[in-house]
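>>> Starting from these lines, generate the structure:
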Amino acid sequence: MIFLYTVLGVAAATVFYVIYAYNGLVRLRVKVREAWSDIEVQMKRRYNLIPNLVETVKGYAKHEAGTLEKVVQARSEALANQGNPQAQAQSENILSGALKSLFALSEGYPDLKANENFLSLQSDLAEVENKIQAARRYYNGSVRENNTTIDQFPGNLVANAFNFVKAEFFEIEEAEAAARQPVEVDFG
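I've put the predicted structure just below:
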């Protein structure tokens, strides 16, 4: 009789563990999805600021149409790319490069640099960039927690049994590549 109770106790403990582990994996999956949604919200705010920025610059830099077209095209491609984090990161890298060109262009137009609308848009865009960076850190932390739980024993048994998959990190390659480059100083 004791053996039967022991077997039933072990079976009940196993069932409770599977339920606990399954619910934990679901919670982590929802957390990753929520974190990705936060990134998407901030990127959409960014995309909405860009047309106003381009229109403001157009008035001052009419002969810089190529740069403006690159920004508009990069924005369109990033907006249309609703794929996985890796594909989205590539689109964001292109858009960031185009925006840097646009801001570099503004250096040659003192009237544009002093324009209140341009300064306000530039400030708003910087704020959104900071929020994207914070959302990306939160998302990547959620992905790390999710992936670690999926890999660890015995949680990996439950994850495999219920087809939980690892999430992709959202890594902006341009920022990493720039951080690895030596800083150039020119006193000439």
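>>> Show me which positions of stretch 80-92 end up buried.
Neighbour counts over stretch 80-92 (16 or more other Cβ atoms under 10 Å) mark 81, 85, 88-92 as buried. Quick note: C-beta positions are derived from backbone N, CA and C, even for glycine.
>>> right, and out of these, which lies closest to Gly155?
Pro85 (22.8 Å; Cβ to Cβ).
>>> Name the nearest residue to the closest one, ignoring sequence neighbours.
Distances taken as Cβ to Cβ, 6 or more residues apart in numbering put Phe170 closest to Pro85, at 4.0 Å, once the chain neighbours are dropped.
>>> Check whether the one you found really touches Arg137, as I assumed.
No - contact criterion Cβ atoms under 8 Å: Phe170 and Arg137 do not qualify, at 9.6 Å.
>>> out of the two, which sits in the busier spot?
The neighbour count for Phe170 versus Arg137, taken as other Cβ atoms under 10 Å, is higher for Phe170 (21 against 12).
>>> Please name the residues that touch the more buried one.
For Phe170, the contact set (Cβ atoms under 8 Å, 6 or more residues apart in numbering) comprises 36, 39, 85, 88-89, 136, 139-140, 143.
>>> Is Gln82 in a helix, a strand, or coil?
When classified by DSSP: H, G, I helix; E, B strand; the rest coil, Gln82 comes out as coil.
>>> So it versus Phe3, what's the distance?
Counting by Cβ to Cβ, to the nearest Å, the gap between Gln82 and Phe3 amounts to 57 Å.
>>> do Leu68 as well
In terms of Cβ to Cβ, Leu68 sits 79 Å off from Phe3.
>>> Between these two, point out the one with more neighbours.
Higher neighbour count among Leu68 and Phe3: Leu68, with 20 against 7, using other Cβ under 10 Å.
>>> How far does stretch 91-102 sit from its chain's centre?
Its chain's C-alpha centre and that of stretch 91-102 lie 15 Å apart, by Cα atoms, centre = their mean, to the nearest Å.
>>> And the contacts of that stretch?
The contact list for stretch 91-102, computed with Cβ under 8 Å, 6+ apart, reads 43, 50, 53-54, 57, 67-68, 70-71, 73-75, 77-78, 81, 125, 172-174.
>>> are any of these buried, and which?
Here, 16+ other Cβ under 10 Å leaves 43, 50, 53-54, 57, 67-68, 70-71, 74-75, 78, 81, 125, 172 buried among the contacts of stretch 91-102.
>>> okay, and the helix or strand of this protein with the least pLDDT?
One helix or strand of the chain scores below all others by mean pLDDT, DSSP states H and E: helix 173-180, with a mean of 48.
>>> what comes up buried for stretch 15-25?
21-22, 25.
>>> Help me confirm that Asn115 comes into contact with Lys58.
No - assessed by Cβ under 8 Å, Asn115 is found out of contact with Lys58, at 11.9 Å.
>>> So for these two, which residue has more residues nearby?
Shown here are Asn115 and Lys58; by other Cβ under 10 Å, Asn115 has more neighbours (18 against 12).
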